[in-house]
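Engineer: Sequence and predicted model, in that order:
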Number of protein chains: 2
Amino acid sequence: MRFRFKAACVAVGSELLGSAKLDRNSLEITSVLETYGFKVIEKRVVGDRVESIAAAIRDLMAQCELVVLTGGLGPTSDDVTRQAVAEALDRRLRRDPEIEGWLEKRYREMGREMPEICRVMADVVEGTRILRNSRGSAPGLLAEDQGRLLVVFPGVPFEMREMLEVHLKPELQRRSEGRHRISRTLLLGGVVESETEARIRQLYDGFGREDITILASFGVLRLILAAEGESEFCTRRLDEMEGAFREILGEDIAGVDVDSLAEVVISELDRLSLSLATAESCTGGMVGENLTSISGASRVYAGGVVSYSNEAKENLLGVPREMLEAHGAVSAEVACAMAEGVRNRFQTDWGLGVTGIAGPLGGTEEKPVGLVHWAVAGPDGCVEKHRVFPGDRDVIRQWSTNAVLDLLRRRIG
Amino acid sequence: MRFRFKAACVAVGSELLGSAKLDRNSLEITSVLETYGFKVIEKRVVGDRVESIAAAIRDLMAQCELVVLTGGLGPTSDDVTRQAVAEALDRRLRRDPEIEGWLEKRYREMGREMPEICRVMADVVEGTRILRNSRGSAPGLLAEDQGRLLVVFPGVPFEMREMLEVHLKPELQRRSEGRHRISRTLLLGGVVESETEARIRQLYDGFGREDITILASFGVLRLILAAEGESEFCTRRLDEMEGAFREILGEDIAGVDVDSLAEVVISELDRLSLSLATAESCTGGMVGENLTSISGASRVYAGGVVSYSNEAKENLLGVPREMLEAHGAVSAEVACAMAEGVRNRFQTDWGLGVTGIAGPLGGTEEKPVGLVHWAVAGPDGCVEKHRVFPGDRDVIRQWSTNAVLDLLRRRIG
């Protein structure tokens, strides 16, 4: 048993019960909880009704050491979380003059008078601790009841996120008595999940299956390694695990504790003071979008061409018309000519090209939907690869983006 | 009260309780349920434990006319939904020879022998109806208990989706006696949520607050209108509602029952046989990516330039160096020069340009993070707009993308 405590998440809000919106706060909360040894055993989404919220709190506090609830703390009549907590814990609500004063001051500073309805945000449940919200009006609360902990945050992700850092982490840190569950993520590119699993299976026995998680996502694989105990023990243990995985996986590991291949590529190019340009066809800008999602991309990424039409490939990238006619736009030759072309056009150290058939239309027997050619051109020439990717239009484009970024990071690495 | 029945969704699976993966099946299920007048009042995610699953079933069936549960129907020891249903309904499990035979046949047809563990998928809960799964091995089930309905589907989205169509819809259709809840979505661009809400408030009274939902997302607003009753009544009612909203919102409505502004732009350009090219700076390819996510984009979208560096703006788009020096890369002049430049370069009917400061670095007092200029150039010249968008890097880029697509659809519309 690796987790020592049980926890549950409750999200409050009728808008989370429709067909358009999911509660995403619970992912970030879970990530923090796991770090401190809490396993989430249940998640609930309930509407804006006192009885539903109170029932969820009672039910889950009976089963878990910790319940984290988000939402329903605003000023409108929909926001009934404060009453629900009072009811679930059988305590009274009272208005807190200090919070009332703080709310009035906050509105004054924004140059507005506080609407009367906002005063309910100063209602506190007796015997609970108030959690200040530096990014919004509604404070959160922390309650203890028979040794169980209830923590309530606003549902606005921007506010909730800050309060996780400022309030929840220190509280759990204090309670964990120096014990942590710490994880480290190895990001892999250019590998297949089933093959990778077969290669690393031998490590499961040694390190424990529960401490190794594989997540696959369209050409990127994440290996999450976990260790539990005191901080230094965890670091040693994770170093040891990482070493064992590196011995087997070698170059397939693109980075450690990084979010994406784009992040690896940008930071590696930045370190080496190298520049990059992109030529995209089927991905239509997705590679550029991925790269520029990283702050600081402008230091290495000069820009790119989305050459969706053959004319654009010819006129902007200098792909010869004869090549397009002889091999077709989706071919190894054109992928390389695009990569070389954009490298010349932007005068960068590296250039990359992607061309393929994202579907659902446009496939032929010879060149089916999913066929993608990608190429990376650099000081030492051009390397091209291709594959028929599975999935729908969006999935094929994501596979393609990761494939070309992986090829690039291997060549500059 | 517009919804006549209450429903709940339960997702089973420990992998849905970690920090990486959300249950998304409930969105599709909710969409079907709402069509037939069921309001989802609670959603739960529980782990692979008989007691947790059974408790959720009992608890929710006591409150709702319908509970839809997904997951835990596979052949491994983790898959305990069958036992949990039997326990919750206090019925027995028995092995069904017909299903066993069907499973064996299925494996034979795939050229493999059925592993012994797969036989548990032939276990059925007494007195329930078996729901065939044409896309996988594990059948679902439908149980009635004291007038309440429990429907269980596999968790694999590809299988679940098919079973929603084949089993759930006909069942609810039969029970709804010809009554439906049908919705229609108006997509708005270039508007602010609070102002729009003030403009349409007068319609709430006439049509009922519960039948009008507003969802805002970074420069795009969705107004979801709903009507309940017989099919023809719903159509008439929705036509009437749409008419009333059109009178107030006019041109701000970009489309009806469409997914995105990119879809509106592509279909409108296609209808008019017009072509488009894009010049992007701060969005780094996001506009192109949005446009090319629509199948058929190649008929109208020639391509674009991601001019992340000033050199690219100059060399590929012909933005004069003096202009860049005099006004800076983030300026009305440069946005228009980019739009005009890419329109000339690709020889298209329309060209668009976006330049801004997505942050978190690079802002100044005069040009803060979030300042974005966007422009659309066409046969009748160039129109430019700008705003300081709120939010982080990703959010600013999404606002920018929607802003320029909205300006374009208004000019071609």
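Structural biologist: Yep, it's here. Residues are numbered from 1 along each chain as shown, chains lettered A, B, ... in the order given.
Engineer: C-alpha from now on. contacts and neighbour counts both.
Structural biologist: Noted.
Engineer: What does the pLDDT read for the closest residue to chain B within the stretch 51-200 of chain A?
Structural biologist: Closest approach between the stretch 51-200 of chain A and chain B, counting by C-alpha to the nearest C-alpha: A:Ser52, at 8.5 Å. Listed pLDDT for A:Ser52 reads 95.
Engineer: Using just helix, strand and coil, how would you label it?
Structural biologist: For A:Ser52, the secondary structure call by DSSP: H, G, I helix; E, B strand; the rest coil comes out as helix.
Engineer: Could you pull out the strands in the stretch 151-300 of chain A for me?
Structural biologist: A:179-189, A:212-217, A:220-230, A:253-256, A:276-280 (DSSP state E, counting those that start in this stretch).
Engineer: which one of the ones you listed is the most hemmed in?
Structural biologist: Of all the strands of the stretch 151-300 of chain A, strand A:276-280 has the most neighbours on average by mean count of other C-alpha atoms under 10 Å in any protein chain shown, namely a mean of 31.
Engineer: Can you list the helices and strands that that one packs against?
Structural biologist: helix A:286-292, strand A:301-307, helix A:332-346, strand A:350-356 (3 or more C-alpha pairs under 8 Å, 6 or more residues apart in numbering or on different chains; DSSP states H and E).
Engineer: And that strand, how far out from the chain middle?
Structural biologist: Its chain's average C-alpha position is 25 Å from that of strand A:276-280, according to C-alpha atoms, centre = their mean, to the nearest Å.
Engineer: now stretch A:298-313
Structural biologist: Its chain's C-alpha centre and that of stretch A:298-313 lie 27 Å apart, by C-alpha atoms, centre = their mean.
Engineer: With stretch A:93-113 instead?
Structural biologist: Centroid separation for stretch A:93-113 versus its chain: 35 Å, with C-alpha atoms, centre = their mean.
Engineer: Then stretch A:362-371?
Structural biologist: The answer for stretch A:362-371 is 32 Å, by C-alpha atoms, centre = their mean.
Engineer: quick one: is that stretch near chain B?
Structural biologist: No - figure legend: stretch A:362-371 not in contact with chain B (C-alpha under 8 Å from any C-alpha of the partner chain); closest approach 9.6 Å.
Engineer: in that stretch, what's buried?
Structural biologist: A:Lys367, A:Pro368, A:Val369, A:Gly370, A:Leu371 (16 or more other C-alpha atoms under 10 Å in any protein chain shown).
Engineer: Okay, the closest residue to the residue of the stretch 51-200 of chain A closest to chain B other than its chain neighbours and A:Gly304: tell me how far apart.
Structural biologist: What sits nearest to A:Ser52 in space, not counting adjacent residues and going by C-alpha to C-alpha, 6 or more residues apart in numbering or on different chains, is A:Val46, at 6.4 Å. A:Val46 sits 46 Å away from A:Gly304, going by C-alpha to C-alpha, to the nearest Å.
Engineer: next one: A:Val156
Structural biologist: Distance, A:Val156 to A:Gly304, by C-alpha to C-alpha: 36 Å.
Engineer: TSV please, covering the helices and strands packed on strand A:276-280 and showing mean neighbour count, distance to chain B and mean pLDDT.
Structural biologist: Shown next, in TSV, are the helices and strands packed on strand A:276-280 (neighbours: other C-alpha atoms under 10 Å in any protein chain shown; distance: least, C-alpha to the nearest C-alpha, whole Å; pLDDT from 0 to 100):
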stretch	mean neighbour count	distance to chain B	mean pLDDT
helix A:286-292	26	5	98
strand A:301-307	30	4	97
helix A:332-346	26	7	98
strand A:350-356	31	13	98
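Engineer: okay if I get these as a markdown table plus distance to A:Met121?
Structural biologist: Below are these laid out as a markdown table (distance: least, C-alpha to C-alpha, whole Å):
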| stretch | distance to A:Met121 |
| --- | --- |
| helix A:286-292 | 40 |
| strand A:301-307 | 47 |
| helix A:332-346 | 56 |
| strand A:350-356 | 53 |
